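**Student:** Sequence and computational prediction follow.
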Amino acid sequence: LLKNLRAFLADRRGNVAMIFALSLMPITLLAGGAVDLNQAMTARTRLSQALDAAALAVGVNTSLSDADALRIANDFIAANYPNNRVGTVTSVTVVIDDDTDTVTVTGEATVNTIMLGLAGIDHLTVGWESEVQRARQRLELVMVLDNTGSMGGSKIRSLRDSAELLTEILFEAADEPSDVKIGLV
């Protein structure tokens, strides 16, 4: 029995299969982890877009309370980062600095993992911060709107409604209507 055991341990045939079997789990975990990290980066991109929109919406209003600013920011984030997307927005803060006329909106999104959960990492948290400088003088804006055939149906109506909403927000926040100039392309 001892002689057969020594022969088995000294035998080098089949090492590739054994090494492959031992390395299969870490390789699978790493490949799946790359997918989970890709989902987290997608969530971060969407979060950045939502926070940018929220910061701009809060920044155009010069006389907001902290509670109103947070409510507006959360509304814009909800509109730009729907619940059916990857990740969940977990915390949003709005800081309005009257000395520098800046608005800073920060937020985090939590993304549940699939493969990294096997390694004990159940979720990944990504964060973003958007800061806007409030306009101190006049505002000139040019909107480039796509009116090609790909925008047919509800897409073009949504685009028009969004452009109209932005226009209303900017004119309502202006001290003088002549302080805002909007161009369309």
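**Tutor:** Noted; the coordinates are in hand. Numbering: from 1, shown residues only.
**Student:** number of nearby residues for E129?
**Tutor:** 13 (other CB atoms under 10 Å). All C-beta atoms are positioned from the backbone trio N, CA, C, and that covers glycine.
**Student:** pLDDT score assigned to it?
**Tutor:** Looking at E129, its pLDDT reads 96.
**Student:** measure it to S48 for me?
**Tutor:** Taking CB to CB, to the nearest Å as the measure, E129 and S48 are separated by 9 Å.
**Student:** again with L170
**Tutor:** Distance from L170 to S48, by CB to CB: 22 Å.
**Student:** Would you check that G59 makes contact with R134?
**Tutor:** Yes. Between G59 and R134 there is a contact at 5.2 Å, judged by CB atoms under 8 Å.
**Student:** what sits in contact with each of the two?
**Tutor:** Residues touching both G59 and R134 (CB atoms under 8 Å, 6 or more residues apart in numbering) are V103.
**Student:** Output the lowest-mean-pLDDT helix or strand in the chain in PDB with nothing but the alpha carbons.
**Tutor:** Counting by mean pLDDT, DSSP states H and E, the weakest-scoring helix or strand in the chain turns out to be helix 2-10, with a mean of 83. C-alpha atoms of helix 2-10 as PDB (Å, rounded to 0.1, in the frame of the first residue of the first chain):
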ATOM      1  CA  LEU A   2       2.800   2.400   0.900                       C
ATOM      2  CA  LYS A   3       4.600   1.600  -2.400                       C
ATOM      3  CA  ASN A   4       1.400   2.300  -4.400                       C
ATOM      4  CA  LEU A   5       0.900   5.600  -2.500                       C
ATOM      5  CA  ARG A   6       4.500   6.700  -3.300                       C
ATOM      6  CA  ALA A   7       4.000   5.800  -6.900                       C
ATOM      7  CA  PHE A   8       0.800   7.800  -7.000                       C
ATOM      8  CA  LEU A   9       2.400  10.900  -5.500                       C
ATOM      9  CA  ALA A  10       5.400  10.700  -7.800                       C
END
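**Student:** and K181, how many residues sit next to it?
**Tutor:** Using other CB under 10 Å, K181 is surrounded by 12 other residues.
**Student:** So it, which state does it fall into?
**Tutor:** Following DSSP: H, G, I helix; E, B strand; the rest coil, K181 is assigned to strand.
**Student:** can you tell me which residues contact A53?
**Tutor:** Taking CB under 8 Å, 6+ apart, we find A53 in contact with 76-77, 79-80.
**Student:** Who wins on neighbours among those?
**Tutor:** I77 (22 neighbours).
**Student:** mind listing what that residue touches?
**Tutor:** By CB under 8 Å, 6+ apart, the neighbours of I77 are 50-51, 53-54, 89, 92, 107.
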